[in-house]
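Got a predicted structure here, sequence first:
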Amino acid sequence: IGGRSSAAAAWTGKEVLVWGGWDSRGPVGDGAAYEPVDRSWRVLPDAPLGSRDPAASVWTGTELIVWGDASRSAEVVDGAAYDPTANEWRTLPPAPFALNQASAVWTGREMIVFGAFLDGNNASGTKHARGLAYDPEANSWRAIAPYPLSPQASSVVWTGVQMLAWDY
């Protein structure tokens, strides 16, 4: 695959998975895995997603979950999960709403995505940042409780017990 920025990436314990992102022509929708012991690359199978600059991604311990898009021109609510053992993708159900300025964490049970949907002028249709949680076992989404942080600049981290979110 070609060089890119803003790709989804994860370390599986054996290899680095890279998918999507942005190259000199725009969003890309391919991926590869790098195995550092053998210093070898393999191309990932085609994903059930179009080209995009992923908004959020996490490694669950068994899958790379890629969701959303960083585009300011489309409300994307789809995603997919890649299982490197089976070398297969599966489609996620549509999320309740889109976020294009988002950060994600893995809790050990859910992917939590927190941020906003911003337009081309960096304005949000909501007063505060908001979030979603995806449960891979139930294959379902839920909205998380809102909190009054700026929708323009929210970041998150998982402490092992709770998600901490902050803005500027």
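Structure's in. What do you need?

Can you check the pLDDT for the spatially most central residue of the chain?
Within the chain, one residue has its C-alpha closest to the average C-alpha position: by C-alpha atoms, centre = their mean, that is A56, at 2.0 Å. Predicted confidence (pLDDT) for A56: 93.

Next: A74.
We have a pLDDT of 82 for A74.

That one and L149, how far apart?
Separation of A74 from L149 (C-beta to C-beta, to the nearest Å) stands at 24 Å. Backbone N, C-alpha and C define where each C-beta goes, glycine included.

so where's this structure shaky on pLDDT?
When residues are selected by pLDDT under 70, none of them lie in the chain.

Show the backbone phi and psi for the residue of it most remote from its centre.
What lies farthest from the middle of the chain is D38; by C-alpha atoms, centre = their mean that is 27.8 Å. The phi and psi values for D38, taken as degrees, to the nearest 10, are phi -90, psi -10.

And it, how close does it get to T85?
Note on D38: its distance to T85, by C-beta to C-beta, is 17 Å.

on that earlier part again, who does the residue lying closest to the residue nearest to the centre of the chain once chain neighbours are set aside form a beta bridge with?
Ranked by C-beta to C-beta, 6 or more residues apart in numbering and with sequence neighbours excluded, the top spatial neighbour of A56 is A104, at 3.6 Å. Beta-bridge partners for A104, by DSSP bridges, are V113.
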